[in-house]
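**Student:** Let me see the structure of the following:
(5 chains, ligands or ions: 8)
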Amino acid sequence: MKRIVYREWRIPPQRYWSLIGYLAALIGIGALSFGYMEHEGHWVTGMSNSVVWGMPHVFAVFLIVSASGALNIASIGTVFKKPIYKPLGRLSGLLAVALLVGGLLILVTDLGRPERLIVAMTHYNFSSIFAWNIYLYTGFMAIVIAYLWSMADRQGAPFNYPIGVFALIWRLALTTGTGSIFGFLVARQAYDAAILGPMFVALSLAYGLAVFMLVLFFCFEEEGRSIGPRVLRRLRNLLALFVAVVLYFVLIYHLTNLYMAKKDAFEHWLLLGGGFYTFVFWVGWILVGNLVPLWILYHPALSEQRNWIIAACTLVILGGLAAMYVIIIGSQAFPLAMFPGHTILESGFNDGVQGAAASYWPSIPEVLLGIGGVALSLLIILVGVRVLQFLPESLADEVVAPDEEQLAEAVAVKPA
Amino acid sequence: MALLTNFYAFLFYFAAFVLVAGLTRKIIQYAVTPAPLKIPTTPAPTTRWGVVLRMVREVVLFESLFRGNKWTWIFGWTFHFGLFLVTLRHLRYFIEPVPFPIQLIQPFGIYGGIAMVIGLAGLWSRRFLVDRLRYISAPSDHLMLALLLGIGCTGLLMKFAFHVDVVEIKTFFQGLYRYDIQPLPADPLLLLHLLLVALLMIIFPFSKLLHAPGLFFSPTRNQVDNPREQRHLAPWAKRLEH
Amino acid sequence: MHRLHAPHNQPSGDESPAEAVATTRRALIGTAAGLGAAALVAPGVVLHTLSAQAETAPITNKSRWGLLIETDKCAEGCRACIEACDHEHGLDRQVPEGSPSKWEQQKAVWIRKVKLQDNQTGRITQLPLMCQHCEHPPCVDVCPTGASFKRADGIVMVDRHLCIGCRYCMMACPYKARSFIHHNTTGQLTAVPRGKGCVESCNLCVHRRDYGQDSTACADACAATGHHAILFGDLKDPESPIRRRMREIQNRQIREDLGLNTGVRYAGI
Amino acid sequence: MAKDTFAVPELTPYTEIPKIQPGVMAHSAPFKAKEEFQTPLGYPGELVEDWQQKAIAKMGELLGKYRSLRVYLDACVKCGACTDKCHYFLGTSDPKNMPVGRQDLMRKVYRRYFTLAGKLFPKLVGAVDLTEEVLNDWYSYYHQCSQCRRCSVFCPYGIDTAEISMAAREIMDSIGVGQKYCNEIIGKVYKVGNNLGLPGPALRDTLQGLEEDVYDATGVRVRYPIDEEGAEILLVTPSADFFAEPHIDGLIGYGKVFHEAGVSWTLSSYASEAANFGMFIGSYENMRRIALRIREAALQLKVKRIIFGECGHAWRVAYSFLNTLAGPWDFLDPRYPVPQHICEFTYDLIQQGKLTFDKSENDDKVITFHDSCNVARASRMGNVPGGQFEIPRAIIRATCNHFYDMDEDTIRDRTFCCGGGGGLLTDDLMELRVKGAKPRMDALNNVMQEKGVTHMAAICAICKTQFSKVLPYYGMEMDQVLSLHQLVSNAIVLTRRTADDDEAQDGLDDED
Amino acid sequence: FAYAKAAEIKRYVVDGSQAAGLPSCVEPTERMRRMHMEFIKHQRIATVHQGIRDTKYSLAGCVDCHVSYDAQHSPRPINQPDQFCGACHRYASVKLDCFDCHAAVPKGLDGDQASRADGLTQGGGR
Ligand code: HEM
Ligand code: HEM
Ligand code: SF4
Ligand code: SF4
Ligand code: SF4
Ligand code: SF4
Ligand code: SF4
Ligand code: SF4
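**Tutor:** Ligands and ions are numbered 1, 2, ... in the order given. Below you'll find the predicted structure:
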């Protein structure tokens, strides 16, 4: 059997340390923002009693969701036995851990009382999906680490498949769980939907893959390792597929919402009258995050070019952030429907007077906190690939395993 | 009571003396022994700053050990980092007023204590489970781990189960500075904790714990890789030239 | 029958202050172990007295506290209940921070007034809105640490020693009943500790419950203005005034469709 | 050859860490040096009377002279990180071949005589008296260390077992227990000038023969000069380069490179040896004596630069110690580092575009590269850390079309020793050499299976000799090992016609 | 447990507080020094979750008894670095965040009294 050779990332030290330096600076700024928010209280953020989760959650949920999606590559390799993805498995695991850590750290630093984290780890309320998520997340971390071990250590090889299957199931549970954080909120019109779980799974696949591809391209580019056209094509087709699935779910989600009379108002608001949120939905999520990338990825010429694929990945990620913004913040801004059939004329607590949405504007510290979390994820990745053998030596066509279903694929996925 | 207090006061004076004198002697010995040849393990840094960086990585991250053995690294690093935090947390007994960074570190010190004990347990289990380690372990290696584990466990028990009077303990140690012996609370766990600590201080300069200062003097790690540029000559080797 | 506003710093028992001190001493020396009387005298300053017996046994589920709000009695322009609640819990001691519009969004509010117009009939309704003390509270379901909890007597509140400030309960509450404390707090009351980073909401004046007072600050205040729009009482006791009144007039829950079985009921919406 | 007295290990896809088997290599020890080999080096001819005291005294002396020894004997925490790093342990499973096991042979004596704990509680800290038995163990196991320093890479304190085996060998020498192979060779250097004992006339003959061979093969008169006063460059190369395949092909390559560079160069019959076995026996004095011969030759021949040929430990002594032992080199051209490695020289020319290669000349081979341990972990090439890995590879890439590295864990500073370094390249240690080569053979075999590698290039005389000998034990061909400059030699396109051209060219060069 | 003799121990009880005139805390003082956090943590669970308003280990009780008064007879926040809780905690470097939320001066149990108490001190909570 041919072995896949993995090698530490060996870019010149100056380059490496300057990258690390940038990221460390971003993390430092994030830490300062955290200190500021923590010292002053949350009044310095844009968050309020109406919009209780803001920018940090946009970043955090995006990272967590991507973390689960990033592991998908490893699953395809081991569980679905597509050998061409095998060499990517380790990086995929690393990304999963790194993104999750970044996301969780944002969540934790945004808590009102972060110093009580230990309370969160010693007191559980098992009816809370949030508490379950704590298990899901830590469990995910442990499983991925075991998974990585089974990929990297020969003694682990026999466990690779079972762990892979377990990780896959856990991963689905995790994303569903994350989605259900919102899905269980019966009070909010936007959330009270069973489809939120599966939709989050779809989102995770697309975002995780997009992040994965960018990291992969970047690392390979920097060090001059080669990625053959075959791997490139496979990843690109996969991304196109996932983005299309996301689009499908978005459609279903809004159609079902429209169908339910109760949610009429919300849909109307989001799709038409929500001002900024409507804009972010259509332009950010749908256009930038789905349609343009799909166009690029299915374009006969552009889709063959690496830089365009990179552009598509970037757009998917931007669109992902927009999607999170709409899902998390938009849904809070829309007033709770406490008195159906009534209009609120006055309220002492911003209950949506005359149906007005709550105002929220991201503040700088929140955004910096989010970026700090992203930087932390990237830092973990860069340190990881540097000190351990995560990256395959080469993904050139002659090195990677042959396509197992070349023909079938050409018919099914390849854009006409 | 007074007997106990006086005994411990004497014990700590003695232990501190042995620790300081013994370590100083060893460090001077390392420092004056020449390294006649350039033997850095290459690739090695070619500048002083590079060496400082290499040393920092070794001390802070245990870089070589990381390359050598991941399990040992995980446990070893957990243990040492925990130990470091615990040490910082313990400074509150010895400094008055307590500096701000030490105040901040207090809660982390507790996690450090837990980490330290986990790390030690891992390291010790390796000594039983891995045949190669079993072969090279002398009784002293086991005892060293037992000693540290004993200190860690008594400490944690004091923290979580059988509380002691921290304020009195601090007063006792503050008193030692002024040769003004204050009563030491006679909680058994505390006495055990302190006894083991004194033992640790006493054996430090005579045991493998010398690895801590030793690392800084290790020629394979602290030399600059510039033999072609700079002639490196030990005093005793110089005498051969005439 | 509903009792009119009683001045609550009025000594309730027949103990003279001197006796109170003596009792206390004994309690602290360990003989009487602090049972019963809890009046303390700070040397020469203020006479602190408690108006009722402090609870010394765990509360039970024999009662379930609730409110009945008769919206048609609630008067336009009146804010007495809100001010009373703010005063009772030290919310009036909040110091604004940030711009006024932001402060509006971020300050803590336990009870507010809402003015509604029926889209069909155009009828205007006023009502005070606070935590509804749901029997099946979504806030409690979602709270990861169990800081949000429901006491045996049906009061839903936040144990702020456990609350990590994640705000998930706020996401979950259908009534927007909760506030997050965005600011550093000063001048809190002894009975109502509150501080930055935690979530809080109406707790049916829980300290009054435990000290055996028989109404809430808002209900007392409303009665004092003569509107009597808020009625406090035990929902489990068929003979309690609140239950009797509930039998008399039609009342319902806000968002009954959610099936939360709230402890606060409204008449006239 | 006594091939059958031991079982050759089976090659495995991965070098597994064996279960320990105490004592299985206790029997392995090199022949002891007789008096005739001991005295020229200044050592007693046989085990001295009060050897214990003498040995302890010597140990005390060395502890005062070498900080490495002092610190390393104290610092080891028995963490075990080094235990699976030594190729001799991996090949033999003898726990005393684990680096820390090897160190402990000395450490336990050190503790007994030099530490309080060892004096008071010997059992507790595993301290023992220096007995005959211990001395036997020393002789046996300190001659099962090739001083390759692989262990020091992974040790958290950089504890270098090589330093300890050097010290042990010196102590043993000082009480009259020397190793025949090393000490005899050092004597030859003192007497004749090189390890092989090739006298000046024999060298001249060989070189003349080479000139003719090269002329026959290429039609170009490439010169292989010796003892030419006034040449710009003194080439110091292991004497094996004059003598045996594949070494000699390397020497041919050096000549061609010098030829193309258009520089004048010379060998020296007085310093006709790059190797310095003084290092193996840990003797500063002997190492210095050998090194000084190079200084004398350089002064005598009035050269401006010194370049070393392909040899691992020779390069270590040259790069790391030559300045210390035989410096200062202020009479040489200050524009060049002293000394330089032939690879540095060739690489610079390649960088400047001064060499033309026809890579297809090497198309019959698929190459991999063996990082020789002393080059990889004890010295450097070029002016950035790690140049010792990149420069040889760059030369291979410039001269060959097909190059693959072996497994990452077995190359660069993690490279495995060939199994014959450190003064162990003697037939009386054949079992050790074969078993110690296993990890390298495993890695080589893997690239042969997976990448179709046919040849392994090396830049060390000991490695090349060792591999030529050991490859057949593992079912491979002895000529699968190559000199790096053999590849250069094959691919280089000679553009200068004659030596006279060179001189004309030289004149021009000097002007600009 | 064998405790050091009470007489030998430095005391933190502040002059002018009610405690200064009393022989012992709600538990033997030795025990309080070691265990007070357990007592009040236990008490707070009982109070918050079960509505038990026993004053024995109540934080409000601690404050009432241990607080001292300045020349103007105003209570001084008990967590100040020279006051009962504050001094000891600073010395032992144990963070005391209770008074982020809890009143550090006695204010009685309802708003009206608190207003009066407030008239006598500035700030209060911290
Ligand atoms: C500069 C400071 C220090 C450095 C860089 C350092 C580094 C290390 C390393 C790399 C190891 C080997 C890995 C392991 O087994 O954990 C080790 C082992 C050990 N260290 Fe340290 N150390 C330091 C200070 C200390 C101190 C202050 C103590 C004790 C108070 C200590 C106690 C130990 C012990 C007991 C072991 C052996 C663990 C075993 O038996 O496996 N170290 N140290
Ligand atoms: C003279 C020196 C020392 C004194 C006076 C001392 C005293 C104490 C005390 C009083 C505690 C209980 C802390 C609490 O209840 O909050 C404690 C805990 C602890 N001690 Fe020490 N100790 C000393 C040295 C050490 C050393 C050298 C170590 C480690 C090698 C150590 C490890 C621990 C650990 C792990 C804990 C539990 C975690 C914590 O509370 O920090 N101690 N020590
Ligand atoms: S006090 Fe009574 S009348 Fe006034 S606003 Fe409140 S509920 Fe209405
Ligand atoms: S009204 Fe809101 S806060 Fe109150 S119990 Fe119900 S869900 Fe919880
Ligand atoms: S903010 Fe506090 S009470 Fe609300 S869910 Fe989070 S931990 Fe529970
Ligand atoms: S019951 Fe008490 S806490 Fe709730 S709103 Fe009324 S006064 Fe405020
Ligand atoms: S120097 Fe090399 S041969 Fe010697 S013990 Fe270390 S790894 Fe083994
Ligand atoms: S790696 Fe170093 S410290 Fe660890 S056992 Fe080996 S020699 Fe000792």
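**Student:** Not counting its own residues, what contacts the helix or strand of chain B with the lowest mean pLDDT?
**Tutor:** Within chain B, no helix or strand scores below helix B:235-240, which has a mean of 88 by mean pLDDT, DSSP states H and E. Outside of helix B:235-240, the residues that reach it under the criterion CB atoms under 8 Å, 6 or more residues apart in numbering or on different chains are B:34, B:36, D:65, D:284-285, D:288, D:324. C-beta coordinates here come from the backbone N, C-alpha and C atoms, glycine included.
**Student:** Can you flag the buried ones in the residues you listed?
**Tutor:** Among those, those classed as buried by neighbour count (16 or more other CB atoms under 10 Å in any protein chain shown) are B:34, B:36, D:65, D:284, D:288, D:324.
**Student:** circling back to that earlier point, B:A138: which of the contacts of helix B:235-240 is nearest?
**Tutor:** D:K65 (27.4 Å; CB to CB).
**Student:** Quick check: nearest residue in space to the closest one, chain neighbours excluded?
**Tutor:** Ranked by CB to CB, 6 or more residues apart in numbering or on different chains and with sequence neighbours excluded, the top spatial neighbour of D:K65 is B:W236, at 5.9 Å.
**Student:** Quick one: neighbours of the one you found, just the number.
**Tutor:** Other residues within reach of B:W236 by the criterion other CB atoms under 10 Å in any protein chain shown amount to 13.
**Student:** go on, the one 4 residues further on?
**Tutor:** Other residues near B:L240 number 13, with proximity taken as other CB under 10 Å.
**Student:** Next: B:F10.
**Tutor:** Residue neighbour count, defined by other CB under 10 Å, stands at 12 for B:F10.
**Student:** close to chain D, is the strand or helix carrying it?
**Tutor:** Assessed by DSSP states H and E, B:F10 sits inside helix B:2-32. Yes. Looking at helix B:2-32 against chain D by CB under 8 Å from any CB of the partner chain, the contacts come from B:26, B:29-30.
**Student:** With just CA atoms, put stretch C:144-159 into CSV.
**Tutor:** Included here for stretch C:144-159 are C-alpha records, laid out as CSV according to Å, rounded to 0.1, in the frame of the first residue of the first chain:
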residue,chain,number,x,y,z
PRO,C,144,-27.7,25.8,31.2
THR,C,145,-26.7,26.1,34.9
GLY,C,146,-30.0,25.9,36.5
ALA,C,147,-29.7,29.4,37.7
SER,C,148,-33.2,30.1,36.5
PHE,C,149,-35.5,28.1,38.6
LYS,C,150,-39.0,27.8,39.9
ARG,C,151,-39.4,27.8,43.6
ALA,C,152,-41.8,25.4,45.2
ASP,C,153,-44.3,28.1,45.6
GLY,C,154,-44.3,28.9,41.9
ILE,C,155,-42.1,31.9,41.9
VAL,C,156,-39.7,31.9,39.0
MET,C,157,-36.4,33.6,39.7
VAL,C,158,-32.7,33.7,39.0
ASP,C,159,-30.2,32.4,41.5
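**Student:** sec struct for B:H163, please.
**Tutor:** coil (DSSP: H, G, I helix; E, B strand; the rest coil).
**Student:** check contacts around it.
**Tutor:** In this structure, B:H163 makes contact with E:34-35, E:37-38, judged by CB under 8 Å, 6+ apart.
**Student:** can we see that at 6 Å?
**Tutor:** Taking CB atoms under 6 Å, 6 or more residues apart in numbering or on different chains, we find B:H163 in contact with E:34-35.
**Student:** three-state assignment of the residue of the stretch 1-150 of chain D found nearest chain C?
**Tutor:** Closest residue of the stretch 1-150 of chain D to chain C, CB to the nearest CB: D:C79 (39.5 Å). In terms of secondary structure, D:C79 is coil; the call rests on three-state DSSP.
**Student:** Skipping its backbone neighbours, what lies nearest it in space?
**Tutor:** With CB to CB, 6+ apart as the measure, B:T72 is the residue that lies nearest to D:C79, at 5.5 Å, once sequence neighbours are left out.
**Student:** Secondary structure element for that neighbour, which one?
**Tutor:** Using DSSP H and E, the element containing B:T72 is helix B:70-94.
**Student:** near ligand 8, anything from that helix?
**Tutor:** No. Counting by CB under 6 Å from any ligand atom, ligand 8 is not contacted by helix B:70-94; separation bottoms out at 8.2 Å.
**Student:** just how off-centre is that helix within its chain?
**Tutor:** Using CA atoms, centre = their mean, to the nearest Å, the distance from the centre of helix B:70-94 to the centre of the chain it belongs to is 9 Å.
**Student:** what about that helix and ligand 1, any contact?
**Tutor:** Yes. On the criterion CB under 6 Å from any ligand atom, helix B:70-94 is in touch with ligand 1 at B:72, B:76, B:79-80.
**Student:** Run the chain-centre distance for stretch C:247-255.
**Tutor:** 20 Å.
**Student:** can you pull the buried residues of it?
**Tutor:** Within stretch C:247-255, the residues that qualify as buried by neighbour count (16+ other CB under 10 Å) are C:251, C:253-255.
**Student:** Quote the end-to-end distance of it.
**Tutor:** With CA to CA, to the nearest Å as the measure, the ends of stretch C:247-255 fall 20 Å from one another.
**Student:** tell me the mean pLDDT over it?
**Tutor:** The pLDDT scores in stretch C:247-255 average 92.
**Student:** try stretch B:81-89
**Tutor:** Here stretch B:81-89 scores 97 as its mean pLDDT.
**Student:** so which strand or helix has whatever residue of the stretch 251-400 of chain A ends up closest to ligand 5?
**Tutor:** Scanning the stretch 251-400 of chain A for the residue nearest ligand 5 gives A:Q332, at 14.7 Å (criterion: CB to the nearest ligand atom). With secondary structure defined by DSSP H and E, A:Q332 is part of helix A:331-333.
**Student:** what about the lengthiest helix in chain E and ligand 2, any contact?
**Tutor:** Taking DSSP state H as the criterion, chain E has its longest helix at helix E:29-50. No. Using CB under 6 Å from any ligand atom, helix E:29-50 never reaches ligand 2; the gap is at least 9.1 Å.
**Student:** close to chain C, is the following helix or strand past that helix?
**Tutor:** Using DSSP H and E, the helix or strand that directly follows helix E:29-50 along the chain is helix E:59-66. Yes. Part of helix E:59-66 sits close enough to chain C to count as contact by CB under 6 Å from any CB of the partner chain, namely E:60, E:64.
**Student:** for helix E:59-66, which positions count as buried?
**Tutor:** Using 16+ other CB under 10 Å as the burial criterion, the residues of helix E:59-66 that qualify are E:59-66.
**Student:** A:L168: neighbouring residues, count only.
**Tutor:** Neighbour number of A:L168 under other CB under 10 Å is 20.
**Student:** I meant D:C151, not that one.
**Tutor:** A count of nearby residues for D:C151, using other CB under 10 Å, gives 28.
**Student:** you'd agree it is up against D:H87?
**Tutor:** No. The criterion here is CB atoms under 6 Å, and D:C151 misses it with D:H87 at 10.2 Å.
**Student:** nearest spatial neighbour of B:Y135, skipping sequence neighbours?
**Tutor:** Distances taken as CB to CB, 6+ apart put D:P95 closest to B:Y135, at 4.7 Å, once the chain neighbours are dropped.
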